[in-house]
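Colleague: could you look at this predicted model? Sequence included:
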Amino acid sequence: MNVWKASNTFNSSNGTDLAVGFTSSVVAVLLFGTNFVPVKKFDTGDGMFFQWILCASIWMVSLVVNLIQNCPRFWPLAMLGGFVWATGNVTVVPIVKTIGLALGLLIWASFNLLTGWASSRFGWFGIDPEEVSRPILNYIGAGLSLLSAIIFFFVKTEVQSSSVSLERTPLLRESSINVSENNSDDSWVNRLSPTRKRVIGCSLAVVSGILYGSSFVPVLYIKDHGRRNGTIYTGASQFDLDYVFAHFSGIFLTSTIYFLTYCAVRKNKPHVYPQAILPGFVSGVLWAIANCCWFMANHYLSAVVSFPIITAGLKNYLLLTVAFCIILAGSLSTAFSKV
């Protein structure tokens, strides 16, 4: 009887963990997909000022989370993850200007997924490798992601220069939140040839994706070594949300350093857009909540499961499946039309 009760308790606990984990993943996907909506209609210039506002908002949310969690121990190493993420985020502006937001997003999302999955699955960077019950399916999913990333490199894009009238580039104006619409933009990107734009844009997207995918590694490292004896992290919390404040502090500190550097390079004449402050703050709040949900998904599902779900997105998987079926049906129809 006791064994049966223990088994029931375990199954109930495991089911609850899965429910919380998948719910957190869904919330993260929805918020990551909508967090830039508040700034969609506002000019954010070259993105540097907007990013600083965004990261300030992110840090304030982490402060609230830290108080709710009763101020758990602050591990400076967790700030490294914030530094890595903020560094990857700085590349977004040149990526959008060289290859466009759509293609850039596809490439960095693919490498984000692959890096996050591989580091957790194989134990890169000193973290413990994670086992899955169906490794074949896990490998197939990663393989398909890699294949899609390779295919994206062959997608042709045509990014209009800032000298083109806004009426001829409505999609870019609506989709890109970081590209300046100022016709006097003398960005170094505009002086590149189309081939160099493509090479630089794709390369930066790959780097950005790898950095995004590595941002959780410091937290996973602390947790893994917290379960071992004789390390400086022995006894560290195993609840991922306890590291949000340190992680987000790294984001804000890095963003501040980059913004001050930008101001110095601009000789104290940065492009500042006051109308982007409030929308940027709201956008940061939404992103911070989404990332907190990702931390929870990492805890309840493990990173090797949460990364593919959140990075690709539930909706994207559905759309990809429908598109694949349509393409397959069209190909078979064409092939059998001559039989």
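Modeller: Thanks, I have the structure now. Residues are numbered from 1 along each chain as shown.

Colleague: and Glu130, helix, strand or coil?
Modeller: In three-state terms, and counting by DSSP: H, G, I helix; E, B strand; the rest coil, Glu130 is coil.

Colleague: give me the number of neighbouring residues for it.
Modeller: When counting by other C-beta atoms under 10 Å, one arrives at 18 neighbours for Glu130. The way it works is simple: take the backbone N, C-alpha and C, and place the C-beta from them, glycine included.

Colleague: again with the one 3 residues further on
Modeller: Close neighbours of Ser133, defined as other C-beta under 10 Å, add up to 6.

Colleague: how much space between Pro94 and His271?
Modeller: With the distance defined as C-beta to C-beta, to the nearest Å, Pro94 ends up 15 Å from His271.

Colleague: in terms of neighbours, single out the busier of these two.
Modeller: When Pro94 and His271 are compared for neighbours, Pro94 comes out ahead with 24 against 17, by other C-beta under 10 Å.

Colleague: in this protein, what helix or strand scores lowest on average pLDDT?
Modeller: helix 170-175 (a mean of 39; mean pLDDT, DSSP states H and E).

Colleague: where does this structure dip in pLDDT?
Modeller: 1-13, 101, 132, 138, 141-142, 145-146, 148-189, 304, 307-309, 311-339 (pLDDT under 70).

Colleague: need the contact list for Phe42.
Modeller: Phe42 makes contacts with 273, 275-276, 279, as judged by C-beta atoms under 8 Å, 6 or more residues apart in numbering.

Colleague: which SS class is it?
Modeller: Phe42 is classified as coil under three-state DSSP.

Colleague: would you quantify the distance from the residue nearest to Thr98 when sequence neighbours are not counted to Val265?
Modeller: Sequence neighbours aside, Gly201 is the residue nearest to Thr98 in space, at 3.1 Å (criterion: C-beta to C-beta, 6 or more residues apart in numbering). Gly201 sits 21 Å away from Val265 when distances are taken as C-beta to C-beta.

Colleague: and these two? Which one has more around it.
Modeller: Gly201 (25 against 11).

Colleague: quick one: the more buried one and Ile95 touch, right?
Modeller: Yes - counting by C-beta atoms under 8 Å, Ile95 is a contact partner of Gly201 at 5.5 Å.

Colleague: overlap in contacts of these two?
Modeller: Gly104.

Colleague: quick one: which helix or strand includes Trp52?
Modeller: helix 48-68 (DSSP states H and E).

Colleague: what residues of that helix count as buried?
Modeller: Neighbour-count burial for helix 48-68, counted by 16 or more other C-beta atoms under 10 Å, picks out 48-62, 65-66.

Colleague: between helix 48-68 and the very next helix or strand once past it, find me the angle.
Modeller: Next helix or strand after helix 48-68 toward the C-terminus (DSSP H and E): helix 78-90. Using axes from the mean of the first three to the mean of the last three C-alpha atoms, to 10 degrees, the inter-axis angle of helix 78-90 relative to helix 48-68 is 150 degrees.

Colleague: what's helix 78-90 in contact with?
Modeller: 51, 55, 108, 207-212, 214-219, 222, 243, 246-255, 258.
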